[in-house]
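# Turn this into a model:
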Amino acid sequence: MIRWATVDDADDLADVHVTTWKAAYAGMLPAEYLEAIDRAARARWWRRFIDDGARVHVAETSRVVGFCHAAGSGDDGWGEIYSIYVRPDHWGDGHGHDLLHAGEDTLRANGFETALLWVLVANQRARSFYERHGWTVGKPIRVEEIGGVQVTEVRYEKSLTAAS
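Next up, the predicted model:
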């Protein structure tokens, strides 16, 4: 089931977020950094984020197993998938597909005709997922510092007016 998150989901969102980062970014980000991610701090962040009006989709079975946040981008006229994560023990269950479509639908409903997202160049699992869902590599790349190391991210783009 896909639904909107509430502040009561903050602990579950933090658990998904931290658990997924540790699995998805192993070997891409320093292990010490991943191990030091503070679940309680992340839960406080989620609580404030949702309380401040952010709309976040959650995938729920008997518990929250994933989330997707989509909203307007800093690039004028573009929507953006800011985050989409599914617990590693639910990878391949279809929740990522459902969450991505929910995020795209939200962007369409808010009048966006094009969308973008950023993904680590080294994250082949995520890149393959987006490509299977009609996202294509855009031109810009960016270099960010995460966990004390520089990582390169590539921009993916999608027309939201084309059949998906």
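# Going by C-alpha atoms from here, please, whenever you check contacts or count neighbours.
Fine.
# which residues touch the lowest-mean-pLDDT helix or strand in the chain?
Lowest by mean pLDDT, DSSP states H and E among the helices and strands of the chain is strand 136-146, with a mean of 92. Strand 136-146 is contacted from outside by Leu29, Tyr130, Gln150, Val151, Thr152, Glu153, Val154, Arg155, Tyr156, Glu157, Lys158, using Cα atoms under 8 Å, 6 or more residues apart in numbering.
# got the phi/psi numbers for the second one?
Reported as degrees, to the nearest 10, the phi and psi values for Tyr130 are phi -60, psi -40.
# Can you tell me how far it is from Thr152?
Distance of Tyr130 to Thr152, computed by Cα to Cα, to the nearest Å: 17 Å.
# Please apply the same query to the first one.
In this structure, Leu29 lies at 12 Å from Thr152, with Cα to Cα as the measure.
# When the two are compared, which one has more neighbours?
Per other Cα atoms under 10 Å, whichever of Leu29 and Thr152 has more neighbours is Leu29, with 19 against 14.
# Leaving out chain neighbours, which residue sits closest to that one?
Gly147 (6.5 Å; Cα to Cα, 6 or more residues apart in numbering).
# and the strand or helix carrying Leu116, what does it pack onto?
For Leu116, the enclosing helix or strand under DSSP states H and E is strand 114-120. Counting contacts by 3 or more Cα pairs under 8 Å, 6 or more residues apart in numbering; DSSP states H and E, strand 114-120 is packed against strand 78-86, strand 149-159.
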